[in-house]
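Sequence and predicted structure below; questions after.
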Amino acid sequence: YTVACFTDFFDGYLARAWSQQSSLGRFLDPIADKLLIASVILLLVGIDRVSGLTVLPAAVILCREILVSGLREFLAEVRVSVPVSTLAKWKTTIQMLALGFLLVGPSGPDFGPLTTTEVGIWGLWGAAVLTLVTGYDYLVAGLKHITETDHAPTSKRAPKRSSDGASN
């Protein structure tokens, strides 16, 4: 898990530093992040490391990732790109750190009065708050573009199709 998190950071960092960014990389990187985070969350719930009320921030994170992915796909269809915000990058970092602490769990050291698991749980709640904020930001940006598309002059819109596929 740690290697996956570090390679996620460094591949993006190096691509930017060496001006080697690509549209494929911009497309695949968020998908890889979401798959990594979702699979670890599901694992932690499955082994009961995340349970009780702590399932709530885990569910918030999973739902946001699915909804934002769907929104990004929709916006890509209408040729609108919503760049990843700095806050969203911090959200991903905090998610990855929190999940790392939870993976280590009881075998990790204490951090003052908190166990490794408790640090992970607090991190998960913090990540859930950032998840809601960044999810809202993406939703507002997406709705803005959807509204602009809906109010575009009809001559510039693609013809509507009936249920049998014919143009109206």
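Here it is on my side, so go on.

count of neighbours near residue 28?
12 (other C-beta atoms under 10 Å). To be clear about C-beta, it is placed using only N, CA and C from the backbone, and glycine gets the same treatment.

how many other residues sit next to residue 142?
Using other C-beta under 10 Å, residue 142 is surrounded by 20 other residues.

Nearest residue to the middle of the protein?
residue 65 (4.4 Å; C-alpha atoms, centre = their mean).

Isn't it up against residue 35?
No - using C-beta atoms under 8 Å, residue 65 is not in contact with residue 35, being 9.3 Å away.

Return the residues in contact with residue 11.
Contact analysis of residue 11 by C-beta atoms under 8 Å, 6 or more residues apart in numbering lists 25, 29.

So which bits of the helix with the most length in the chain are buried?
Under DSSP state H, the helix in the chain containing the largest number of residues is helix 116-150. Within helix 116-150, the residues that count as buried by 16 or more other C-beta atoms under 10 Å are 116-117, 119-121, 123-128, 130-132, 134-135, 138, 141-142, 145.

for stretch 41-60, same thing?
Buried, per 16+ other C-beta under 10 Å, within stretch 41-60: 41, 44-45, 49-50, 54, 57-58, 60.

where does this structure have low pLDDT?
Under the criterion pLDDT under 70, the flagged ranges of the chain are 149-168.

residue ranges of the helices in it, please?
2-17, 23-46, 55-77, 86-104, 116-150.

and residue 110, which of those helices is closest to it?
Minimum separation from residue 110 across those (C-beta to C-beta) falls at helix 116-150, 7.2 Å.

could you say what helices and strands that closest one packs with?
Where contact means 3 or more C-beta pairs under 8 Å, 6 or more residues apart in numbering; DSSP states H and E, helix 116-150 is packed against helix 55-77, helix 86-104.

Point out the most buried one among these.
Neighbour counts (mean count of other C-beta atoms under 10 Å) averaged over each of those peak at helix 86-104, with a mean of 20.
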